[in-house]
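A.B. asks: pasting the sequence and the predicted model now:
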Amino acid sequence: MSAALTHTGIRFGRAVLMVRGAEGVAQAVNFYQNGLGMNVLRHTDDWAELACGVSGSGSTMPQSPQASFRLSIKAVASEAQLSVGYSPFLSFDVDDMDSTVARCAQMGGHLDGPLQYPANGKVATLRAPDGHMIGLYEPAI
């Protein structure tokens, strides 16, 4: 990493997904924990925080805040806040596309189109049970 990037005092903190109420938080935690294998750091009725390793860190378990991706789930009531069109698109690198897609399907996710097989690996787009879009990428060996 260049010195210019390390001196800004800014680092990516987390992506925040908004869901409907405590039930939505619980369902989202269930999906991201059991479907994608993320680690639950905190979980209340109104808020949850999950983490996983980042690409290039060599680990799926977050070792430090610098080597982890954090996903926060927030309960909201306003329909405007729940507009999925304003949601971030999450993309995860996976080791085994087929088993990851199968686990996500068992947890209520569904493919949003067929698996794609470009020269650089496998690519899938799916919707989480709460409607958020998720990209999966398995690099070619």
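C.D. replies: The structure has been received and is ready for your questions. Numbering: from 1, shown residues only.
A.B. asks: just give me the residue closest to the centre of the protein.
C.D. replies: L90 (5.3 Å; C-alpha atoms, centre = their mean).
A.B. asks: hang on, P129 in a helix?
C.D. replies: No - P129: not assigned to a helix; according to DSSP: H, G, I helix; E, B strand; the rest coil it is coil.
A.B. asks: could I get the pLDDT score of the closest residue in space to it that isn't next to it in sequence?
C.D. replies: Nearest residue to P129, sequence neighbours excluded (C-beta to C-beta, 6 or more residues apart in numbering): G108, at 3.6 Å. C-beta here means a position set from N, CA and C on the backbone, and glycine is covered the same way. On pLDDT, G108 comes in at 95.
A.B. asks: cool, K74 as well?
C.D. replies: 90.
A.B. asks: now stretch 71-89: buried residues?
C.D. replies: Buried residues in stretch 71-89, counting neighbours by 16 or more other C-beta atoms under 10 Å, are found at 71-75, 82, 87.
A.B. asks: just the terminal-to-terminal distance for it.
C.D. replies: 12 Å (C-alpha to C-alpha, to the nearest Å).
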